[in-house]
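Undergrad: show me the folded form of this:
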Amino acid sequence: MSNRVQVIWTGGPVVGGGLSTFIFNDAVGTPAQQVAAVATFLTSCEDAMTNTMIWATDPQVITFDPATGQMTNSTAVTPADGQGTVSGDIMPPASQGVLKLMTELISNGRLVQGRIFLPGAVEADSTGGAPSLGYRENWDDGAAALIADSSVEWQVWARTAGTAAPVASATTWNKWGVLRSRRD
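TA: Residues are numbered from 1 along each chain as shown. Sure thing, here's the model as predicted:
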C-alpha cells in the first residue's frame with residue numbers, strides 16, 4: 001500500500017489553484033510523519049518561492065493500492081502550511097521548476113521515474129532563461145533531505161505499471177518546465 005499526501009498551492013503565481021502529490025510507502029512512517037516530512041521539505045525550499053506563494057497540505061492522507069489505484073483508507077491529519085519568502089517579479093505561472101524523481105526499479109523495460117512541478121519562482125532565479133544554480137541547489141538539497149529521512153519512504157507511483165518504487169535521487173531540471181492544465 002501507498003499513501004498520498006497532497007499539497008494545495010494558492011497565491012499570486014497560481015492560476016485556478018495548484019496541486020502537488022507526494023507518494024509514500026504506507027509501511028514506513030505514519031500519515032502524520034509523512035505530512036511532517038513534506039512540510040519540512042517545502043519549508044526548507046521557501047526561499048526558492050515568491051512571498052505570494054502559499055502552500056498547505058490536505059487534511060486527509062489517502063491510502064491506496066498501487067496495483068489498482070483504488071483507495072483503501074483515509075486518515076485525518078493536522079495539515080501543515082507555509083509561504084515563500086522571496087520578493088521580486090514572479091515568473092509566468094506556466095513556467096515552473098521541475099524536480100525529476102529517479103528510482104532504481106525497471107518496469108516493462110523502462111526505468112520508473114516521476115516529477116514534481118515547482119511553482120512560485122521569481123525572475124531573479126532565472127539566469128539566461130534557465131533556473132539559476134542556487135535555485136536548483138535549494139530544491140535538490142531539500143529533496144535529498146526528504147529522501148534521507150528514515151521516518152518515511154518517498155515513492156514514485158507508476159500508474160500504468162501498477163507499482164510504486166522508492167525515490168533514489170532527485171534533481172532539479174536545468175530548464176524551466178511548462179505546466180498547462182488539461183483544459184488549455
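Undergrad: going by C-alpha atoms from here, please, whenever you check contacts or count neighbours.
TA: Fine.
Undergrad: so which strand or helix has the nearest residue to Thr30 once chain neighbours are set aside?
TA: Nearest non-adjacent residue to Thr30, counting by CA to CA, 6 or more residues apart in numbering: Val152, 8.0 Å away. Counting by DSSP states H and E, there is no helix or strand that carries Val152.
Undergrad: count of residues packed around Val152?
TA: 23 (other CA atoms under 10 Å).
Undergrad: in contact with it, which residues?
TA: Residues near Val152 by CA atoms under 8 Å, 6 or more residues apart in numbering: 24-25, 28-30, 33-34, 37.
Undergrad: which of these are buried?
TA: By neighbour count, with 16 or more other CA atoms under 10 Å, the contacts of Val152 hold 24-25, 28, 30, 34, 37 as buried.
Undergrad: okay, and which of these map to helices?
TA: 34, 37 (DSSP state H).
Undergrad: mind listing what's buried in stretch 130-140?
TA: Per 16+ other CA under 10 Å, stretch 130-140 contains these buried residues: 131-132, 135-140.
Undergrad: can you report phi and psi for the residue nearest to Thr30?
TA: phi -140, psi 160 (degrees, to the nearest 10).
Undergrad: same deal with Thr68?
TA: Thr68 adopts backbone torsions of phi -120, psi -20, taken as degrees, to the nearest 10.
Undergrad: point out where the protein drops to low pLDDT.
TA: Applying pLDDT under 70 to the chain flags residues 13-17, 179-184.
Undergrad: show me the contacts for Ala130.
TA: 174-176.
Undergrad: what does Gln70 give?
TA: Gln70 neighbours (CA under 8 Å, 6+ apart): Phe64.
Undergrad: neighbours of the closest residue in space to Gly120 that isn't next to it in sequence, just the number please.
TA: With CA to CA, 6+ apart as the criterion, Gly120 has its nearest non-adjacent residue at 4.8 Å, and that residue is Met49. For Met49, the count of nearby residues is 24 (other CA under 10 Å).
Undergrad: tell me if I'm right that Asn51 and Thr85 touch.
TA: Yes. Counting by CA atoms under 8 Å, Asn51 does reach Thr85; the two are 4.4 Å apart.
Undergrad: the more surrounded of those two?
TA: The residue with more neighbours, out of Asn51 and Thr85, is Asn51; 22 against 16, by other CA under 10 Å.
Undergrad: from Val28, how far out is that one?
TA: 33 Å (CA to CA, to the nearest Å).
Undergrad: same question for Ala164.
TA: Taking CA to CA, one finds Ala164 at 13 Å from Val28.
Undergrad: only alpha carbons, please: show stretch 135-143 as PDB.
TA: Extracted C-alpha coordinates of stretch 135-143, given in PDB (Å, rounded to 0.1, in the frame of the first residue of the first chain):
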ATOM      1  CA  TYR A 135      17.600  27.800  -7.200                       C
ATOM      2  CA  ARG A 136      18.300  24.300  -8.400                       C
ATOM      3  CA  GLU A 137      20.600  23.500  -5.400                       C
ATOM      4  CA  ASN A 138      17.900  24.700  -3.000                       C
ATOM      5  CA  TRP A 139      15.400  22.200  -4.300                       C
ATOM      6  CA  ASP A 140      18.000  19.500  -4.700                       C
ATOM      7  CA  ASP A 141      19.100  19.900  -1.100                       C
ATOM      8  CA  GLY A 142      15.500  19.800   0.200                       C
ATOM      9  CA  ALA A 143      14.700  16.700  -1.900                       C
END
